[in-house]
Structures are given as C-alpha cells and as structure tokens.
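Quick one, fold the following:
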Amino acid sequence: MILLKNAEVYAPQRLGRRDLLVAGGKVVALAERLDAPHGWPVEVVDLQGRIVIPGLIDGHTHLTGGGGEAGAATRVPAVQLTHLTLGGVTTAIGLLGTDARTRTIAELLACARGLSELGFNALCYTGSYEVPPTTLTGSVRGDIVHIDRIVACGEVALSDHRSSQPTFDELVKLAADCHVAGMMTGKAGLLHLHMGDGKRGLQLIQRALDETELPPRTFHPTHVNRQKWLWQDAKALARRGCTVDATAFPADDESLSAAQAMADWLDCDMPRDRLTISSDGGGCLPTFDGDGVLLHMDVGRSAALLEEIRVLVLDGRALEDVLPFATSNVARLFRLAQKGHIAVGADADLVVLSAAHTVQHVLIGGQWFVRDGVASRRGLFERADTV
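Sure thing, here's the model as predicted:
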C-alpha cells in the first residue's frame with residue numbers, strides 16, 4: 001500500500017487537495033483526508049501540494065523503432081522502458097510504419113509483452129503502412145480477435161508517397177474489419193491512419209463517412225497537424241464525429257506544433273473529446289525532397305507529450321483543459337476503462353509533477369517506476385549510467 005498525502009489532483013478535471021490510497025495496483029480511496037490503515041504496512045509519501053495527474057497514454061509509439069527509409073543504417077533502435085516512464089507515459093500502443101519487412105508484427109508483439117513483463121502497460125496495432133496489411137493470423141479481424149495485446153490496425157498510410165496507394169474499397173474493408181473486431185472483443189477496433197502531405201488529404205475518410213454505415217469513431221487519422229490546410233480539414237472531420245490525432249513533432253512554417261494544435265482546438269470550441277495527441281516515439285521524423293529522397297531525419301520522443309502540455313500551461317492555459325488530450329480522451333477512444341483518469345477503482349497509473357511541471361514520480365500499477373526524477377526501474381539492457 002502507498003498513501004499519497006497532500007496531492008493537488010487533476011483527474012484530469014481539477015479535484016483540489018486530496019489524499020490517495022493505492023493498493024493492489026488500484027486507487028482504493030480518494031478523499032480530502034485519509035489515514036493509513038491500522039495494522040497494515042503502508043508507505044506514506046507527503047507530496048506537499050505537488051500536482052498528481054493520470055499517467056499519459058501514448059497512442060502512437062514505434063516500440064521496435066522506426067526509420068530505415070534511407071537504408072538499414074537509418075533504422076531507429078527499439079524504445080527503452082525509461083524513454084517512456086521518464087516522460088510520464090504509463091501506457092503505450094506500439095505500431096509499425098513504412099517497414100513491415102525487416103520489422104514484423106511478431107517482433108512488435110514480443111516487444112509489447114516484454115515491456116508488460118516489466119510492469120509497464122504496452123499494447124499494439126496490427127498492420128503497417130501497407131495495404132493489404134501484414135498480419136499474424138492472416139487477417140486484421142483475426143489478429144484483433146485472437147491476439148491478446150493487439151487492439152487496432154495501423155498505421156495505414158494515406159496521401160503519402162510511401163503508402164501502398166489504397167483504393168476506397170480497400171480502405172473501407174479494413175475499417176469494417178476493425179469495427180467488427182472491436183465489437184466482438186471490446187477492444188478499440190480502430191483504423192489508425194498515417195496522413196502524409198499529399199493533396200488528397202482526408203478525402204477517402206470523408207467519402208467513407210458519406211457512403212458507408214461505418215461509425216466515425218472507426219477512423220483515427222494521425223499527423224493531422226503536419227500541414228495547416230490538413231489541420232483545417234481534420235477539424236471538419238471531427239465535427240462529423242471522428243477523433244483526430246496531433247503529433248508532438250517540431251513545427252515549421254507549414255505545420256502546427258501539438259501545443260499550437262491543442263490551443264487552436266480549445267479556441268475554436270471544438271468537441272473536446274475528439275482530439276488526441278501522440279508522440280511518434282521511436283519513429284523517424286523525416287524530411288524528403290520532391291523525388292522522395294530523405295534529406296534529414298529526427299526521432300520522435302514520448303517525453304514530447306508532457307513537454308507540449310507544459311508549453312500551454314506556462315502560457316496560462318488551465319491544466320485540466322489540456323490534460324485530457326493525452327489521458328482521458330485516449331483512454332475513451334481505445335476503450336481502456338480503468339486508465340486515463342484518477343478515481344476509486346481506476347488503475348494506479350499516476351504521475352507526480354514538480355513545481356516546474358516536469359516528471360518527479362511515476363507509479364504504474366501501484367509500483368514505483370520513477371522517484372525524484374530518476375528511473376527506479378529499468379529494462380534488463382538499460383545501464384543506470386546511460387539514463
């Protein structure tokens with residue numbers, strides 16, 4: 001048991017000063033004042049007014065590493081446990097991107113299981129950029145129904161020179177498989193769509209909403225802040241019921257940062273539950289020339305999620321307005337009922353912020369993963385002096 005005293009709780013709505021009792025991996029009590037249960041071993045931690053938030057959920061992470069688009073030397077290494085936890089991320093959903101040949105769904109699933117064995121919450125997608133998608137069982141529907149940690153399909157690429165240029169019929173068949181598999185299992189059942197810079201933008205998704213019976217929630221386009229015109233189209237799509245995803249990558253004159261996207265969403269009075277943010281952690285953030293030749297690349301980081309939230313808080317935005325984009329909204333979309341919020345009975349995935357809104361402590365399933373800004377639990381192959 002762990003008793004957190006004098007916490008300023010954002011659940012993600014602001015609850016004010018509270019004490020939290022954690023036991024069995026859950027929040028079992030939440031009140032203005034709690035005493036340690038008599039006769040039980042309890043670790044009592046006085047947070048002295050520090051902010052406690054739900055653990056962040058990164059819905060788009062290349063757990064096995066991404067890249068490889070300019071040769072094998074550009075393959076990004078696998079994401080390590082502390083790259084997630086030190087950024088305040090307590091749940092990650094892993095995927096493949098361009099490369100589904102030297103990277104495989106089997107490898108991705110093993111990576112997710114490995115992180116889970118360390119106590120972290122790791123799920124994954126089936127498929128990749130390619131259509132028809134690479135799967136384990138022979139179909140997207142089969143993977144979602146039969147494989148424990150596979151919850152959705154993605155990231156299928158649209159409007160991008162690296163995509164398989166899927167047709168409308170191919171896209172809606174994939175979406176139908178996702179939707180029905182989600183119904184059968186209670187999993188997310190989403191078609192997570194990588195959006196490139198191409199001029200067709202979101203047209204195939206818009207057509208699917210016009211011509212099929214598929215619910216809008218099935219389509220979850222990501223990277224929608226990469227072009228300002230694409231961002232405007234994404235807002236129109238959200239008004240039709242889709243949830244769209246902004247990526248926490250560096251912005252330029254043509255794009256918006258995740259912080260700018262969140263601010264614009266709030267200022268335009270958009271449906272607050274229809275935007276998520278993700279990091280593209282472990283993925284390649286490339287720049288190509290007109291012939292598709294890689295000019296330079298960066299690598300996504302899960303820590304960017306909290307950094308983008310902090311930008312808005314320091315700019316005067318209310319934390320409770322911004323926090324849902326990386327917590328409760330993601331949990332609701334992915335049907336993770338016990339995550340993304342702080343309440344009695346919810347999973348004890350908690351992040352304690354410092355006065356500067358950086359990560360001070362992290363609990364996952366009621367276990368310490370970060371103490372005083374230092375990783376207290378690492379992967380088997382992470383050396384303490386390199387973290």
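
quick one: low-confidence parts of the stretch 51-200 of the chain?
The model of the stretch 51-200 of the chain has pLDDT under 70 over residues 68-69.

what about the strands in it?
For the stretch 51-200 of the chain, the strands defined by DSSP state E, counting those that start in this stretch occupy 51-54, 56-61, 89-94, 121-126, 150-158, 191-195.

Residue 316 is nearest to which of the ones you listed?
Closest of the strands of the stretch 51-200 of the chain to residue 316 is strand 51-54, at 16.0 Å (criterion: C-beta to C-beta). The C-beta positions use only the backbone N, C-alpha and C, and glycine is treated the same way.

who's in contact with that closest one?
4, 7-12, 20, 88, 319, 323, 327-328, 339-342, 346, 349-353, 357 (C-beta atoms under 8 Å, 6 or more residues apart in numbering).

which ones among the residues you listed are found in strands?
4, 7, 8, 9, 10, 20, 350, 351, 352, 353 (DSSP state E).

so how far is residue 213 from the fourth one?
What that stands for is residue 9. Separation of residue 9 from residue 213 (C-beta to C-beta, to the nearest Å): 41 Å.

of these two, who's got more company?
residue 9 (22 against 8; other C-beta atoms under 10 Å).

you'd agree residue 126 is up against residue 153?
Yes. Look at residue 126 against residue 153 with C-beta atoms under 8 Å: they come within range, at 5.3 Å.

list residues touching both of these two?
Common neighbours of residue 126 and residue 153 (C-beta under 8 Å, 6+ apart) are 133, 140, 143, 144.

chain center to the lengthiest helix in the chain: distance?
Counting residues, the longest helix found in the chain (DSSP state H) is helix 168-185. Relative to its chain's centre, helix 168-185 lies at 21 Å (C-alpha atoms, centre = their mean, to the nearest Å).

Show me what counts as buried in that helix.
By neighbour count on 16 or more other C-beta atoms under 10 Å, the buried set for helix 168-185 is 170-172, 174-182, 185.

what does stretch 225-241 give?
With burial defined by 16+ other C-beta under 10 Å, the residues of stretch 225-241 counted as buried are 225, 226, 227, 230, 231, 233, 234, 235, 237, 238.

Could I get these in a markdown table, plus columns for distance to residue 281, pLDDT and secondary structure?
Shown next, in a markdown table, are the buried residues of stretch 225-241 (distance: C-beta to C-beta, whole Å; pLDDT from 0 to 100; DSSP: H, G, I helix; E, B strand; the rest coil):
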| residue | distance to residue 281 | pLDDT | secondary structure |
| --- | --- | --- | --- |
| 225 | 16 | 97 | coil |
| 226 | 16 | 96 | coil |
| 227 | 22 | 96 | coil |
| 230 | 21 | 98 | helix |
| 231 | 21 | 98 | helix |
| 233 | 25 | 97 | helix |
| 234 | 21 | 98 | helix |
| 235 | 25 | 98 | helix |
| 237 | 24 | 97 | helix |
| 238 | 24 | 98 | helix |
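
What is the nearest of those residues to residue 37?
residue 238 (45.3 Å).

residues touching the closest one, list them.
Residues in contact with residue 238, defined by C-beta under 8 Å, 6+ apart, are 244, 270, 271, 274, 275.

Also residue 232?
No contacts exist for residue 232 under C-beta under 8 Å, 6+ apart.

Pretty sure it sits in a helix.
Yes. Under the criterion used here (DSSP: H, G, I helix; E, B strand; the rest coil), residue 232 sits inside a helix.

Let's see the pLDDT reported for it.
Looking at residue 232, its pLDDT reads 97.

Helices of the protein, start to end?
Along the chain, the stretches classed as helices by DSSP H are 81-85, 105-117, 140-146, 168-185, 203-211, 228-239, 258-267, 304-314, 319-322, 328-333.

what helices or strands is the longest one leaning on?
Put plainly, it is helix 168-185. helix 140-146, strand 150-158, strand 191-195, helix 203-211 (3 or more C-beta pairs under 8 Å, 6 or more residues apart in numbering; DSSP states H and E).

switch the cut-off to 10 Å
Judged by 3 or more C-beta pairs under 10 Å, 6 or more residues apart in numbering; DSSP states H and E, helix 168-185 is in contact with strand 121-126, helix 140-146, strand 150-158, strand 191-195, helix 203-211, strand 219-222.

These into TSV, with extra columns for mean neighbour count and distance to residue 93?
Below are the helices and strands packed on helix 168-185 laid out as TSV (neighbours: other C-beta atoms under 10 Å; distance: least, C-beta to C-beta, whole Å):
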stretch	mean neighbour count	distance to residue 93
strand 121-126	26	5
helix 140-146	22	13
strand 150-158	28	7
strand 191-195	27	9
helix 203-211	16	20
strand 219-222	26	11
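
Which one, of these, ends up nearest to residue 302?
Comparing these against residue 302 with C-beta to C-beta, the closest turns out to be strand 121-126 (11.9 Å).

The closest one pairs with which strands, parallel or anti?
Sheet pairing for strand 121-126, assigned by DSSP bridges, gives strand 89-94 (parallel), strand 150-158 (parallel).

Give me the buried stretch members for the shortest one, please.
If you call a residue buried by 16+ other C-beta under 10 Å, then strand 89-94 has these buried ones: 89, 90, 91, 92, 93, 94.

I figured the last one hits residue 116, correct?
No. Because the distance of 11.0 Å does not satisfy C-beta atoms under 10 Å, residue 94 is recorded as not touching residue 116.

shared neighbours of these two, anything?
Residues touching both residue 94 and residue 116 (C-beta atoms under 10 Å, 6 or more residues apart in numbering) are 122, 123, 149.

What sits closest to residue 362 if chain neighbours are left out?
Once flanking residues are discounted, residue 362 sits nearest to residue 370: 3.8 Å by C-beta to C-beta, 6 or more residues apart in numbering.

Skipping adjacent residues, who's closest to residue 255 in space?
Of all residues not flanking residue 255 in the chain, residue 226 sits nearest, at 5.1 Å (C-beta to C-beta, 6+ apart).

I figured the one you found was touching residue 197, is that so?
Yes. The criterion here is C-beta under 10 Å, and residue 226 meets it with residue 197 at 6.5 Å.

tell me, what's touching those two both at once?
Counting by C-beta under 10 Å, 6+ apart, the residues touching both residue 226 and residue 197 are 254, 255.
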